[in-house]
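Student: got a sequence here, can you build the structure:
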Amino acid sequence: MKTTLAMIAFALGLSVTPVDAQILERLEDAITGPPSQADIAAARQEVQGAAQQALSALYAIAPSARRSIDGAAGYAAFSTFGMKLMIAGGTSGKGLAVNRRTNSQTYMKMLEVQGGLGFGVNKNQLIFVFTTEPAFSNFINQGWEFGGQAGLSAIAGGQGETFSGAVAISPGVYLYQITETGLSATLTLSGTKFFVDPNLN
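Tutor: Here you go, the predicted model:
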């Protein structure tokens, strides 16, 4: 049931801000009941494990990314799952944003709704790297939304070796996208929102 109301709103073309997401979470909690402390602890552990797996997968494919993250102001790692059946589909995921200066952790969520014909299931891992404190803080405090930016291409090796394989999506913000076939050279996140998870923080 979680994120279902947000997906419906998103599918109808309604804007879902981080504040709206919190309101929808509370409404879903009123319907399904708030999560227990044991549920929250288990969910946090699951997100932490998935974030570590995403980092490990990235380092195996692009070893230079380790230096990028070690020297960054912060990073956020997400694991996503998506399904598409006929004319509608969607992707949801959870992630962990880590401030490299303070080691503070913020649990995040993502939501994407897709239109058009098709069938399929997809799993992705996304790793944001923030080179500045303001860029990281904006991601936490304001969330992030991709509009029609799906055509952005990754930085080729030799043109920016530090972030080779990542997409520069904003000043001070780089994104690695790992699909089932490896590190993706083109960003495919059109219509995706990222925001703080009010249940896990």
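
Student: local confidence estimate at residue 40?
Tutor: At residue 40, the pLDDT value in this model is 92.

Student: now do the spatially closest residue to it that is not a sequence neighbour against residue 58, distance only.
Tutor: Spatial nearest neighbour of residue 40, chain neighbours left out: residue 200 (6.1 Å); criterion: CB to CB, 6 or more residues apart in numbering. C-beta here means a position set from N, CA and C on the backbone, and glycine is covered the same way. To residue 58, residue 200 is 23 Å away according to CB to CB, to the nearest Å.

Student: and residue 165, by the same measure?
Tutor: Taking CB to CB, one finds residue 165 at 9 Å from residue 58.

Student: what of residue 170?
Tutor: Applying CB to CB to residue 170 and residue 58 gives a distance of 19 Å.

Student: the two - which one has more neighbours?
Tutor: More crowded of residue 170 and residue 58, by other CB atoms under 10 Å: residue 58, with 26 against 14.

Student: was I right to think that one contacts residue 64?
Tutor: No. Residue 58 is not in contact with residue 64 according to CB atoms under 8 Å; the separation is 10.2 Å.

Student: residue 195: what secondary structure?
Tutor: strand (DSSP: H, G, I helix; E, B strand; the rest coil).

Student: if I look at it, how far off is residue 106?
Tutor: For residue 195, the distance to residue 106 - CB to CB - is 11 Å.

Student: so between these two, which is more surrounded?
Tutor: Each of residue 195 and residue 106 has its neighbours counted (other CB under 10 Å); residue 195 has more, 24 against 19.

Student: burial of residue 37, as a residue count?
Tutor: By other CB under 10 Å, neighbour count at residue 37 equals 7.

Student: for it, give me the pLDDT.
Tutor: Reported pLDDT for residue 37: 90.

Student: lowest average confidence, helix or strand, in the protein?
Tutor: The least trusted helix or strand in the chain, going by mean pLDDT, DSSP states H and E, turns out to be helix 4-11, with a mean of 46.

Student: ok, back up a step: anything in contact with each of residue 165 and residue 58?
Tutor: Common contacts of residue 165 and residue 58 (CB atoms under 8 Å, 6 or more residues apart in numbering): 65, 176, 183.

Student: got a list of contacts for the helix ranked longest in the chain?
Tutor: Counting by DSSP state H, the longest helix found in the chain is helix 37-61. Helix 37-61 is contacted by residues 35, 65-66, 69, 77-79, 94-96, 98, 105, 107, 125-127, 165, 176, 178, 182-183, 199-200 when judged by CB under 8 Å, 6+ apart.

Student: for it, list every residue counted as buried.
Tutor: 43-44, 47, 50-51, 54-55, 57-58 (16 or more other CB atoms under 10 Å).
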